[in-house]
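S.K.: One predicted model, sequence on top.
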Amino acid sequence: MVFKKMLSALGVGGPSVDTVLSNPNTRPGLVLEGQVNLRGGDAAANIEHISLSLVTRVEMESGDSEYAGTMEFHRLPVTGALQLAAGQQLSIPFQLPVPWETPITDVYGQRLHGMTMGLRTELAIARAVDKGDLDQVSVHPLPVHERILDAFNQLGFRFKNADLERGHIHGVQQTLPFYQEIEFFAAPQYSNVVREVELTFVTNQYSVDVIIECDKRGGFFTGGHDSFGRYSVQHAGVESVDWVRVVDGWLNQTISGYGSRAKQGGHGGYGHGHRGGGMGGAVAGAALGFGGGLLAGELLEDAFGGDDGGDFGGE
């Protein structure tokens with residue numbers, strides 16, 4: 001996907017930038033490749049820097065209110081200071097590593113409802129910074145993710161929604177300031193006990209932490225509550241595993257409460273929030289470390305025309 005935007009701060013006749021991705025489809029741990037094409041305007045211009053960044057939409061809490069904003073979570077400097085002559089054309093190739101924890105946006109060739117991801121080009125010139133346009137990026141699951149998601153599908157779970165929550169999961173080694181929740185309506189065989197299930201992957205180079213949260217129904221004498229389970233699997237050998245049996249076992253352990261033994265401490269479970277207090281402050285600081293990071297109210301669906309795509313599995 002190609003975008004081209006004249007820098008409004010410079011007016012007509014200024015330099016333009018055109019970023020081209022060789023392939024907008026990728027997976028966690030892989031690389032996005034392409035080139036940044038510059039064209040000089042009517043006069044020479046001193047470029048301060050060009051950077052690329054991955055940005056996505058994240059759900060946040062502030063007091064009693066919730067809102068969505070755009071967060072930059074990975075940045076790659078493309079070039080430092082340079083002078084672009086009038087009419088000069090310059091092409092700069094790049095390779096942007098995709099973080100292992102990058103959330104999944106597409107499954108079975110379909111965009112997960114609720115997910116957006118973009119590659120933003122920043123060109124700074126004469127103290128004017130442009131962060132306007134985005135290339136849409138599609139992040140597909142790794143084999144282990146795909147097997148687990150397929151097992152949920154085979155067990156009869158129906159996809160509901162996916163989103164990103166700002167914060168850290170207690171007890172899980174996490175590098176990004178948010179985590180993904182993939183939500184399912186309960187399969188028939190679980191529906192008398194569970195309303196919904198949320199699935200979270202926290203991935204690294206060698207393994208994946210799988211966090212399952214079950215919204216349990218209340219009984220005659222007890223109210224409904226959430227139960228949590230954390231399970232770890234390796235990337236290697238995923239083809240030889242009976243994932244339907246494994247995931248069914250995880251779900252039964254989580255529902256019964258045994259799965260929560262994998263956690264370390266927590267407040268009533270994993271503490272999926274940690275959105276306020278000390279951890280919230282640490283998250284905010286990390287976000288601001290990426291050139292401002294969090295831009296409340298700047299929604300990616302506006303940039304992409306408001307189309308998040310369809311649900312996977314034909315739902």
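M.R.: Perfect, thanks for sending it.
S.K.: any idea how far A236 lies from V208?
M.R.: 11 Å (Cβ to Cβ, to the nearest Å). (Each C-beta comes from the backbone N, C-alpha and C, glycine too.)
S.K.: What of R75?
M.R.: Here the distance between R75 and V208 works out to 25 Å (Cβ to Cβ).
S.K.: ok, now G34?
M.R.: Here the criterion is Cβ to Cβ. By it, G34 lies 28 Å from V208.
S.K.: Same question for S191.
M.R.: Distance, S191 to V208, by Cβ to Cβ: 27 Å.
S.K.: Between these two, which is the more surrounded one?
M.R.: V208 (21 against 13; other Cβ atoms under 10 Å).
S.K.: would you list every one of the helices in the stretch 51-200 of the chain?
M.R.: Using DSSP state H, counting those that start in this stretch, the helices of the stretch 51-200 of the chain run over 143-154.
S.K.: neighbours around L52, how many?
M.R.: L52 has 20 nearby residues by other Cβ under 10 Å.
S.K.: Can you name the residues that contact it?
M.R.: By Cβ atoms under 8 Å, 6 or more residues apart in numbering, the contact list for L52 reads T19, V36, R75, L76, V78, F94, L96, L119, R120, T121, E122.
S.K.: please redo it, this time with the cut-off set to 7 Å
M.R.: When contacts are counted by Cβ atoms under 7 Å, 6 or more residues apart in numbering, L52 touches L76, V78, F94, L96, L119, T121.
S.K.: got TSV for the residues you listed, with distance to Q136, neighbour count and pLDDT too?
M.R.: What follows is the contacts of L52, written out as TSV (distance: Cβ to Cβ, whole Å; neighbours: other Cβ atoms under 10 Å; pLDDT from 0 to 100):
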residue	distance to Q136	neighbour count	pLDDT
L76	17	15	95
V78	19	18	93
F94	17	21	96
L96	15	21	97
L119	8	24	95
T121	13	22	91
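S.K.: Tell me which of those fall in strands.
M.R.: Per DSSP state E, strands hold the following members of the contacts of L52: L76, V78, F94, L96, L119, T121.
S.K.: G41: which of those is nearest?
M.R.: Checking these against G41 with Cβ to Cβ, the nearest one is T121 at 16.7 Å.
S.K.: which residue packs closest to the closest one, ignoring adjacent ones?
M.R.: Beyond its immediate neighbours in the sequence, the residue positioned closest to T121 (Cβ to Cβ, 6 or more residues apart in numbering) is T19, lying 4.6 Å away.
S.K.: does that neighbour sit in a helix or strand, and which one?
M.R.: strand 16-21 (DSSP states H and E).
S.K.: Which is the succeeding secondary structure element to that strand?
M.R.: Counting by DSSP H and E, the next helix or strand C-terminal to strand 16-21 is strand 25-26.
S.K.: picking up where we left off before, tell me the buried residues in the strand holding T19?
M.R.: Across strand 16-21, burial judged by 16 or more other Cβ atoms under 10 Å covers V17, D18, T19, V20, L21.
S.K.: Which of the ones in strands among the contacts of L52 sits closest to V137?
M.R.: Within the ones in strands among the contacts of L52, proximity to V137 (Cβ to Cβ) peaks at L119, which comes in at 5.3 Å.
S.K.: tell me the contacts of the closest one?
M.R.: Residues near L119 by Cβ under 7 Å, 6+ apart: L21, L32, L52, L54, L134, D135, V137.
S.K.: Strand partners (parallel or antiparallel) of the strand holding T19?
M.R.: According to DSSP bridges, strand 16-21 forms sheet pairs with strand 2-6 (antiparallel), strand 31-39 (antiparallel).
S.K.: between those strands, which gets the lowest average pLDDT?
M.R.: Among those, strand 2-6 carries the lowest mean pLDDT, at a mean of 45.
S.K.: Check the model's average confidence along the longest helix anywhere in the chain for me.
M.R.: The single longest helix within the chain, with elements called by DSSP state H, is helix 243-256. What helix 243-256 shows for mean pLDDT is 95.
S.K.: Packing partners of that helix?
M.R.: Here helix 243-256 touches helix 143-154, strand 207-216, strand 225-234, going by 3 or more Cβ pairs under 7 Å, 6 or more residues apart in numbering; DSSP states H and E.
S.K.: out of the ones in strands among the contacts of L52, which one sits closest to V144?
M.R.: V144 lies nearest to L96 out of the ones in strands among the contacts of L52, by Cβ to Cβ, at 22.9 Å.
S.K.: From V238, how far off is the closest one?
M.R.: Using Cβ to Cβ, L96 is found at 26 Å from V238.
S.K.: got a list of what V202 touches?
M.R.: Applying Cβ under 7 Å, 6+ apart to V202 gives the contacts E101, I169, V172, Q174, Y179, D209.
S.K.: of all those, which two lie farthest apart?
M.R.: Greatest spatial distance in these: E101 and I169, 11.2 Å, computed using Cβ to Cβ.
S.K.: Tell me the pLDDT of the most centrally placed residue in the chain.
M.R.: The residue lying closest to the centre of the chain (Cα atoms, centre = their mean) is P103, at 3.4 Å. If you check P103, the pLDDT there is 98.
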